[in-house]
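S.K.: After the sequence you'll find the predicted model.
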Amino acid sequence: MQSVHFTTKSGYNSTMNTMSQQKVVFRLYFTLVLLAGFACAAYAQQAAPTKSDAAEILDENTDFTARAQIQSAPVVPFNKPVFSIYAKLGPFTPSERAERLEYTIRQLKEDPGFSLERMEFVQDGATLDIVYKGMVIMSVADGDAEYFQKSKEEVADFYRENIARAIDQYRQDTELMTILTRTGLVLLILSLFYFIIRYINGLHVFTRRKVVSLRGTLIKDVRIKSYTLLDEDRCIAATLVFIKIAKYIVLLTILYFSVTLLFGIFPETRGLADRLWNYVLTPFSNIVFGVKDYLPKAFAIAVIVTIFWYMAKGIKYFAGEIEKEKLVIKGFYPDWAKPTYHIIQALLGAFMFIVIFQYLPYSDSKIFQGVSVFIGVLISIGSTALIGNLVSGLVLTYMRPFCTGDFIKIGEILGTVKEKTPFAIRIMTPKNEEITVPNSSIMSAHTVNYSHSARENRLVLYATVTIGYDTPWRQVHELLIAAAMRTRHVLAEPPPFVLQRALDNFFAEYQINVYVTEEKLMPRIYSELYENIQDVFKDAGLDMTSPAYQSFRGENHIQITQRHEPDGSFFDRAAVQGIDRR
């Protein structure tokens, strides 16, 4: 990453550049506001409001039930819905009635003497007419009264009041003083937001300089132990990027709210301003009310999680006491405590999830349920071997064939158990080779635990030799026992003993058995025992070679050396004894 360099070489040029940028931003901002205002005003004059907007004008105290089954027509004489017509009148549909009423209201606004008090009700057969100076503004039929479930007089009075209110509002909106006031508000808002933007730009420049000046003081390298996650340059660069993003977010927010306020000033664009406000307020209100409605369920989840957490904590405490052997349970071994705790913890977690599942948001959604099933299928298909090793690990834990630190043999693998995991164990061989054995492989192989035998009954090591019949067996016994007693780490009590395993055609098979407690030194003990057996037989002048081989030696009989001396090479000794090196 390139180093970030900051210079303040020319203060005047920097100031002029900043002012130029502010002017460009203000001009662009002002142009966008004007263009958006003209476009939205033209749109508002041509666009018809939605049915839901018209429906909001209805009397809140009106109780009706047939609204969903009837097609409504909003009455919009001045780009703002006054009310809606829901019933037909003779051959005229609600839409045709609404169009005629809009035309009539536009004519009435030109009459300076128009007022609410001068509109009268005249009964004309089955209809009740709203009349002004002999001109029928609209007629209220039985269908209108039936829809609102009120009398025709009440419905006519509702229509009359809304017509008068719409005309009065239009007159107020088109007065010269009102127009001047709104123009002043526009200028005030533009000026206010211009100074706010200018202040934000100045604050941004000041903040950047302040961040750079903090190099080496508050802003330092971010380290995790000896690893440098972020050096000073990267920290400053990241901070400046964050400040720049925050600046643009604030500017866009100000622009959004300023345009919304400007649209709200003029009646022609007031509906669009309401929509812009709703774009922000609706998601925010949905979040607030969603959180409010979810609070009881969240509280229930918190209570359930707290209960299960303290239950797991209590079980962990008793498991620790059992593992330290402070708490003794008959038949329950200390090395069972930790895995048993993990099993109970997993069961408690699963049970807790089942309990709180019904309180999770969208838990009854089909998508949520489908994803849960899909994940479950993936786990069940892809974790067959994993589950097998896990189950085998649990079986081995409670079978206790070996513990961590034991010297064992699994198949052909000999070594010390370094670690036991739920899925495998790690063995360190005498050659310092670390071997990982899956638990499922251990279950299918035979295991020998030398450490357990050494602790409980003393481990017996044995070696087999074959000696010809020309050597008395009692002498062989004495020599083998003498070799065993010379071997280090072999116990004197109980003493070593010899067993005769077989009588072959040419030799007898002897087995020397010794007791040891240092099972981890077994390879060295065997090596030293073999060395001592050879030494004692050579000291006694006995040849350990098979009799079948001795009969074919002929004249080239090799002399038995007395002892292996470190001085001199093998070829020197062979020359003294007359061995042909060819």
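M.R.: Cool, got the structure. Please read these numbers as outputs of a predicted model, since none were measured by experiment.

S.K.: CA only for contacts and neighbour counts going forward, please
M.R.: OK.

S.K.: The spatially most central residue of the chain sits in which helix or strand?
M.R.: By Cα atoms, centre = their mean, the mean C-alpha position of the chain lies nearest to Ile375, the distance being 14.9 Å. Assessed by DSSP states H and E, Ile375 sits inside helix 366-382.

S.K.: Give me the buried stretch members for stretch 309-319, please.
M.R.: Neighbour-count burial for stretch 309-319 flags 309, 312, 315-316, 319 (criterion: 16 or more other Cα atoms under 10 Å).

S.K.: Pro334: which of these is nearest?
M.R.: Distance to Pro334 across these (Cα to Cα) is lowest for Ala319, with 8.6 Å.

S.K.: Would you check that the closest one makes contact with Pro339?
M.R.: No - using Cα atoms under 8 Å, Ala319 is not in contact with Pro339, being 9.2 Å away.

S.K.: Including distance to Glu102, could the buried residues of stretch 309-319 go into TSV?
M.R.: Below are the buried residues of stretch 309-319 laid out as TSV (distance: Cα to Cα, whole Å):
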residue	distance to Glu102
Trp309	68
Ala312	73
Ile315	78
Lys316	78
Ala319	83
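
S.K.: Pull the distance from the longest helix along the chain to the chain's centre.
M.R.: Using DSSP state H to define each element, the chain has its longest helix at helix 267-323. Offset of helix 267-323 from its chain centre (Cα atoms, centre = their mean, to the nearest Å): 17 Å.

S.K.: which element follows that helix toward the C-terminus?
M.R.: helix 337-356.

S.K.: hmm, back to that, can you name the element that comes right after the helix holding Ile375?
M.R.: Following helix 366-382 toward the C-terminus (DSSP H and E): helix 384-399.

S.K.: Return the list of helices and strands in contact with that following helix.
M.R.: On a contact count with 3 or more Cα pairs under 8 Å, 6 or more residues apart in numbering; DSSP states H and E, helix 384-399 meets helix 439-443.

S.K.: Need the CA coordinates for the helix it packs on. CSV is fine.
M.R.: The C-alpha coordinates for helix 439-443 follow below in CSV (Å, rounded to 0.1, in the frame of the first residue of the first chain):
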residue,chain,number,x,y,z
ASN,A,439,-11.3,-43.1,16.7
SER,A,440,-13.2,-45.4,14.3
SER,A,441,-9.9,-47.1,13.4
ILE,A,442,-9.1,-47.7,17.1
MET,A,443,-12.5,-49.4,17.5
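
S.K.: Buried residues, that helix. List them.
M.R.: Buried residues in helix 439-443 (16+ other Cα under 10 Å): 439-440, 442.

S.K.: okay if I get the residues you listed as JSON lines plus distance to Thr217 and pLDDT?
M.R.: Formatted as JSON lines, the buried residues of helix 439-443 follow (distance: Cα to Cα, whole Å; pLDDT from 0 to 100):
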{"residue": "Asn439", "distance to Thr217": "55", "pLDDT": "87"}
{"residue": "Ser440", "distance to Thr217": "58", "pLDDT": "86"}
{"residue": "Ile442", "distance to Thr217": "59", "pLDDT": "87"}
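
S.K.: quick check, nearest of these to Lys225?
M.R.: Once Cα to Cα is applied, the member of these that ends up nearest Lys225 is Asn439, at 36.4 Å.

S.K.: surely that closest one meets Ala424?
M.R.: Yes - judged on Cα under 8 Å, Asn439 makes contact with Ala424 at a distance of 4.9 Å.

S.K.: between these two, what contacts are shared?
M.R.: 389, 393 (Cα atoms under 8 Å, 6 or more residues apart in numbering).

S.K.: Show me how the protein divides into domains.
M.R.: 51-174, 309-386, 405-452, 458-554 (automatic domain parsing).

S.K.: Adding distance to Val288, write the ones you listed out as JSON lines.
M.R.: Output for these, formatted as JSON lines (distance: least, Cα to Cα, whole Å):
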{"stretch": "domain 51-174", "distance to Val288": "24"}
{"stretch": "domain 309-386", "distance to Val288": "15"}
{"stretch": "domain 405-452", "distance to Val288": "45"}
{"stretch": "domain 458-554", "distance to Val288": "67"}
